[in-house]
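**Student:** got a predicted model here, sequence first, then my questions.
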Amino acid sequence: MTTTEHSEHIERDDHGAAHGDTGAHKPNSFYIQVAVALAVITAVEVGLYYLNIGKLFMPALLILMVVKFLTVVSVFMHLKFDHKLFSYLFYSGLFLAVGVYIAALMTFRFFDGG
Amino acid sequence: MAIIERPSTVPALPGGDVPQFATPASSYGVFRRPVTTTGWRSWMFTIDHKKIGIMYGVSAMFFFLVGGVEALLIRTQLAAPDNTVLSASLYNQMFTMHATTMIFLFVMPMAAAWANYFVPLQIGARDVAFPRLNAFGFWCFLFGGIFLNTSWFLGGAADGGWFMYQPNANALFSPTHGVDFWSLGLQITGIASLTGALNLIVTILNMRAPGMTLMKMPIFTWMILVVQFLLVFAIPVITVALFLLMFQRVFGAQFFNVDAGADPLLWQHLFWIFGHPEVYILVLPSFGIVSEVLPVFSRKPLFGYKFVVFSGAAIGFIGWGVWAHHMFASGIGPVSVAVFSVSTMLIAIPTGVKIVNWTLTMWGGKIRFTTAMLFAIGLIVEFTIGGLSGVTHSVSPSDTQQTDTYYIVAHFHYVLFGGAVFGIFAGFYYWWPKIFGKMLDETLGKWNFWLMVIGMNLTFGPMHILGLQGQPRRMVVYPEKLTGEGFFNLHFWNTVATVGSYILALGIFMFLVNVWHTTRKGATAPLDPWDARSLEWLTTNPPKVHNFDVIPHVHALDEYFHLKYEEVDTDAGPRLVKVRTAEELHEDQEANADKNIHMPSPSYWPMLVAISLPIMAYGIIFSLVLTVLGGAILLMAIFAWALEPAVADASDYDPPPQGGEPTMELANV
Amino acid sequence: MSEATLVEVPPADDHPVHDDHGGHMVTSTGLSNNKLAMWLFLGSECLLFGGLISTYMLYRGRHTGSPGPAQLWDIPLTSVSSFVLLMSSLTMVLAVSAAQQRDDRLTCLWLTVTALLGSTFVGAQVYEFTSFYHEGVGFTTSLFSSSFFTLTGFHGIHVTVGIIMLMSLVGIISRSKIPGDKAEVVELIGLYWHFVDIIWIVIFTLVYLIPA
């Protein structure tokens, strides 16, 4: 039995960033700013709910929803700054889900209006 | 005999950081880890991918026999018109459980068996990325399958067909607990598939030997990768469907109550969005096996490796866009029907590419007709037949006549039996020497093969006629007065099919005879009996616990072949000359063996987490007290698992009999 | 959680088999096994929630004889609870940041705040469900109600599981017993938590704000 020559622990590099993070770690103030922006968008969404902007309401809300969704995914979940493989894995699931379920709903004539 | 060494706490790399590990003195461990290497405990708590692969295979073959008996009962009932072997109720349970067992408890776990055993070996790895999760997946599958089959004894099995259409599968028309066992049992096996898929994808992406780019991976590994992606995305869809079904039946939720305004097509969509990728999940592993076998026994590399890879990925991708071809007669409307008809025709293209590539692999090769090769060629022929009937289904007007008849039954049995099952059997004959160190007998193998070929064609061939003559699926009896006259007499062809099924059963019995004979008296296998091409053959028979003494550095596709053969210029032109034998390569491995191989340690927790699930499921059916109890076990076992380090520490090993320092030898060696 | 076990140290006189920056387990992509697995898992969860959301969208208008969305929704309450969950994403990021700075105390603090915000959200859900029940809309009342409670119930269970993981992590970090890469565990639980948040972003818009 030979003695071990190394161990299996995980090292940190000098910046304390986790291995695999390709972007420099952002300061907390950046994330707080993003959170404020998201809160503002939420307020706008709720505001639009009470205002009456007619046919623009649904597209506006959907766009705001997508913006919030992608912001949390890219920034808070760090996907934008990480290796592209993670994005491929996640977005393939997302697009598959959206595609398949919209197709199914279309066969129910869900989007046919009225 | 594996020797595990405890990692030292001395940092070996610059930076000198203290590792953030649980040290033995501070771990939560109450129980010693199960570190034995022999006996039943070494199987029950193993996290070794090879042992797990064997357990998947044995369990899957057991369920194959169960599903086969169910099939024989169906065929016996249908051997003659107005037959009374099975009551209508029992018949419904029989075809439901036959399909469910074959799909979820045989083909999928058998593919998992091959994948678990051979993917790490083919990519030059020592195990999968998450060994305990691997063990958990196996126990989940086994317990789920057993749970599902206890329904036979607890009021009756599921009887709504394996696709369990609503509202027929509701309490009104399926009053026993059978459907509940079905929905809960499949949830449990679904968890196994999902975790297995996560594991294998990370393994294949992250644990390849140095130099093995994705385009140097063996085809079997590629097909398994595609299948795991299909599983990762398809299993959640059936999970939703099964939850809706369970909530409706057990808690009275409204999802499929037509009176309340429900649309039964919701179930069909959810089921088939899973169900169509599922059929590619079933067949692609066998395509992978055959893509390994054909080159070896043609003494030629696979023709068009890149095309075979891309067509496999294309099948996986397009497979998401065809599901409603199972619903052509459900009233989805002409636009939907047309769209899905076209997409279904498109998917024949990448499949055709594979067939062409396989055929061209054999063309001009020096073919050895071993049993493995026979099954591989058999797959090409039988799957093509099944594929051709599939193309007729894609044309929706003709499908409107064919759907719900035996013509469909013929199609999917040709592709599933002639495709998935033949590939699995090719795998048995090809890989048996590596796993068990013995050669399956070739004479018995030929009997096995030919009886299966004759049996399957006699069983499923006539079903094309039966279907086009109008015999519907899932009918317990067919009356004499409707059997018709002359060549297309339904009675005659049903009898032929039944006889065929018995011949098929005999063929499978020959396989079992072969296994038994080989175990008792089989010839010991050399390291590389087939002069193969991929890295799994660079191991002992069976491979050592740590697989490779030295992780190979990969330079080419078919790396193992290129280790043995070199192209040499001769007077007659460039020739491939064998420069190393398998035995010499093995000696090289042992001479340069790595010294610090850390293998993960066995664990109790995967099995305990797994067993909590059927306990909770029984509770949902019978008494919520059991669900609470199962939930408590689940929670405790998950915490224990999460807090347990991957490698056992010194105190888990028996001290040596003469006293002194524990040498980290595994106990009971 | 991490099974970092199969590490080989290349012989000193040979070139390293992988470009190893910081002593992490050597992988073909250079990326962490656990992180790959988590992103894959989240990709699969898109299909789970997609199915539940589609079922709801199909059935949202089918509630003959019983109250429907227009009668039931309390938009102010739901807006506040959505905001709370959104802010919990921020505190989760701060926890990950603290973990990467190796500040155990601050990490535990932010994890606890995240769990508290999450619990507030769940509490509001429970209140909302109870009030619906009192207005005559239960799990089995109509297609709309079954789909609604299933969708939001699944989401709520995911949040609850997340809270349990957060508090367990706090407990484990405080006792320094974590068997693996601490910052990575916090990051991975963070990914799960954010995912639960983005599903709610979708639910809030599609279920509550956009009228049937």
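**Tutor:** Received, thanks. Residues are numbered from 1 along each chain as shown, chains lettered A, B, ... in the order given.
**Student:** hmm, B:I54 is touching B:F118, no?
**Tutor:** No - using CB atoms under 8 Å, B:I54 is not in contact with B:F118, being 11.8 Å away. Every residue, glycine included, has its C-beta placed from N, CA and C.
**Student:** who's more crowded, the two?
**Tutor:** Each of B:I54 and B:F118 has its neighbours counted (other CB atoms under 10 Å in any protein chain shown); B:F118 has more, 28 against 19.
**Student:** which non-adjacent residue is nearest B:W222?
**Tutor:** B:V309 (5.2 Å; CB to CB, 6 or more residues apart in numbering or on different chains).
**Student:** surely the one you found is within a helix?
**Tutor:** Yes - using DSSP: H, G, I helix; E, B strand; the rest coil, the assignment for B:V309 is a helix.
**Student:** pull the contacting residues for it.
**Tutor:** Counting by CB atoms under 8 Å, 6 or more residues apart in numbering or on different chains, B:V309 touches B:M215, B:I219, B:W222.
**Student:** dump the residues you listed to CSV, plus pLDDT and neighbour count.
**Tutor:** Converted to CSV, the contacts of B:V309 look like this (pLDDT from 0 to 100; neighbours: other CB atoms under 10 Å in any protein chain shown):
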residue, pLDDT, neighbour count
B:M215, 97, 10
B:I219, 97, 25
B:W222, 98, 24
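**Student:** dump the residues you listed to JSON lines, plus secondary structure.
**Tutor:** Output for the contacts of B:V309, formatted as JSON lines (three-state DSSP):
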{"residue": "B:M215", "secondary structure": "helix"}
{"residue": "B:I219", "secondary structure": "helix"}
{"residue": "B:W222", "secondary structure": "helix"}
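**Student:** relative to A:V44, how far out is the one residue sitting closest to the centre of chain A?
**Tutor:** The geometric centre of chain A, computed from its C-alpha atoms, lies nearest to A:V73 (CA atoms, centre = their mean), at 1.6 Å. As judged by CB to CB, to the nearest Å, A:V73 and A:V44 stand 20 Å apart.
**Student:** that older thread, how much space separates the nearest residue to the residue nearest to the centre of chain A once chain neighbours are set aside from chain B?
**Tutor:** Nearest residue to A:V73 in three dimensions, chain neighbours excluded: A:L79, at 5.4 Å (CB to CB, 6+ apart). Taking CB to the nearest CB, to the nearest Å as the measure, A:L79 falls 17 Å from chain B.
**Student:** A:L79 contacts A:F86, correct?
**Tutor:** Yes - the pair A:L79 / A:F86 is scored as a contact, 6.0 Å apart, by CB under 8 Å.
**Student:** and the pLDDT at residue 71?
**Tutor:** Since no chain was named, I'll use chain A. Looking at A:T71, its pLDDT is 97.
**Student:** wrong one, chain C
**Tutor:** Looking at C:Q71, its pLDDT reads 93.
**Student:** near it, how many other residues are there?
**Tutor:** Around C:Q71 there are 12 residues (other CB under 10 Å).
**Student:** next one: phi and psi at it?
**Tutor:** As for C:Q71, its main-chain torsions (degrees, to the nearest 10) stand at phi -80, psi -20.
**Student:** and for B:K438?
**Tutor:** Per degrees, to the nearest 10, the backbone of B:K438 is at phi -130, psi 160.
**Student:** ok, it - contacts?
**Tutor:** B:W432, B:T518, B:T519, B:G522, B:A523, B:T524, B:A525.
**Student:** re the thing from before, next up, the contacts around the residue nearest to A:V73.
**Tutor:** By CB under 8 Å, 6+ apart, the contact list for A:L79 reads A:V73, A:F86, A:S87, A:F90.
**Student:** what about 6 Å?
**Tutor:** Residues near A:L79 by CB atoms under 6 Å, 6 or more residues apart in numbering or on different chains: A:V73, A:F86, A:S87.
**Student:** ditto for B:Y406
**Tutor:** B:Y406 neighbours (CB under 6 Å, 6+ apart): B:M463, B:L466, B:G467, B:Q471.
**Student:** let's see which of those residues end up in helices.
**Tutor:** Residues of those located in helices (DSSP state H): B:M463, B:L466, B:G467.
**Student:** quick one: the last one and chain C, what's the gap?
**Tutor:** Pointing back at B:G467 there. Distance from B:G467 to chain C, by CB to the nearest CB: 33 Å.
**Student:** tally of neighbours for that residue?
**Tutor:** Neighbours of B:G467 using other CB under 10 Å come to 23.
**Student:** hang on, the earlier thing: now the contacts of B:Y406 in TSV, with pLDDT?
**Tutor:** As requested, these are arranged in TSV below (pLDDT from 0 to 100):
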residue	pLDDT
B:M463	97
B:L466	96
B:G467	96
B:Q471	95
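**Student:** closest to B:S394 out of the residues you listed?
**Tutor:** B:G467 (16.0 Å; CB to CB).
**Student:** and residue 107, how many neighbours?
**Tutor:** Picked chain A for this. With other CB under 10 Å as criterion, A:T107 counts 21.
**Student:** you answered for a different chain; I wanted chain C.
**Tutor:** 25.
**Student:** now chain C against chain B: closest residue?
**Tutor:** Proximity of chain C to chain B (CB to the nearest CB) peaks at C:G51, 3.4 Å away.
**Student:** chain neighbours aside, what residue packs nearest to that residue?
**Tutor:** Nearest to C:G51 is B:V240, by CB to CB, 6+ apart, at 3.4 Å.
**Student:** how far away is that neighbour from C:I53?
**Tutor:** 10 Å.
**Student:** quick one: the helices in the chain, in order.
**Tutor:** Going with chain A. So, for chain A - with DSSP H - the helices run A:28-50, A:57-71, A:84-107.
**Student:** actually, chain C is the one I wanted.
**Tutor:** Going by DSSP H, chain C shows helices at C:33-59, C:69-72, C:75-100, C:104-134, C:143-174, C:182-203.
**Student:** distance to B:T46 added to these, as JSON lines?
**Tutor:** Output for the helices of chain C, formatted as JSON lines (distance: least, CB to CB, whole Å):
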{"stretch": "helix C:33-59", "distance to B:T46": "20"}
{"stretch": "helix C:69-72", "distance to B:T46": "52"}
{"stretch": "helix C:75-100", "distance to B:T46": "34"}
{"stretch": "helix C:104-134", "distance to B:T46": "35"}
{"stretch": "helix C:143-174", "distance to B:T46": "27"}
{"stretch": "helix C:182-203", "distance to B:T46": "26"}
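**Student:** among these, which is nearest B:L626?
**Tutor:** Taking the helices of chain C one by one with CB to CB, helix C:143-174 is closest: 19.5 Å.
**Student:** do the closest one and chain B come into contact?
**Tutor:** Yes - counting by CB under 6 Å from any CB of the partner chain, contacts between helix C:143-174 and chain B involve C:L143, C:S146.
**Student:** how many residues are close by residue 109?
**Tutor:** The chain I'm using is chain A. Neighbour count for A:R109, taken as other CB under 10 Å: 13.
**Student:** that was the other one, I meant chain C.
**Tutor:** 16.
**Student:** ok, C:T112 next?
**Tutor:** The criterion is other CB under 10 Å. On that basis, C:T112 has 16 neighbouring residues.
**Student:** and the gap between it and chain A?
**Tutor:** From C:T112 to chain A the distance is 17 Å (CB to the nearest CB).
**Student:** and the helix or strand of chain C with the lowest mean pLDDT, which residues are buried?
**Tutor:** In chain C, the helix or strand scored least confidently by mean pLDDT, DSSP states H and E is helix C:69-72, which has a mean of 94. Residues of helix C:69-72 classed as buried: C:P69, C:L72 (neighbour count, 16 or more other CB atoms under 10 Å in any protein chain shown).
**Student:** what residue in the stretch 101-250 of chain B comes nearest to chain C?
**Tutor:** B:V240 (3.4 Å).
**Student:** doesn't that residue fall inside a helix?
**Tutor:** Yes - judged by three-state DSSP, B:V240 forms part of a helix.
**Student:** against B:V226, how distant is the residue nearest the centre of chain B?
**Tutor:** With distances taken as CA atoms, centre = their mean, the residue of chain B nearest its centroid is B:A111 (2.2 Å). B:A111 sits 12 Å away from B:V226, going by CB to CB.
**Student:** returning to what we had before: give me the number of residues near the residue of chain C closest to chain B?
**Tutor:** Neighbour tally, C:G51, other CB under 10 Å: 28.
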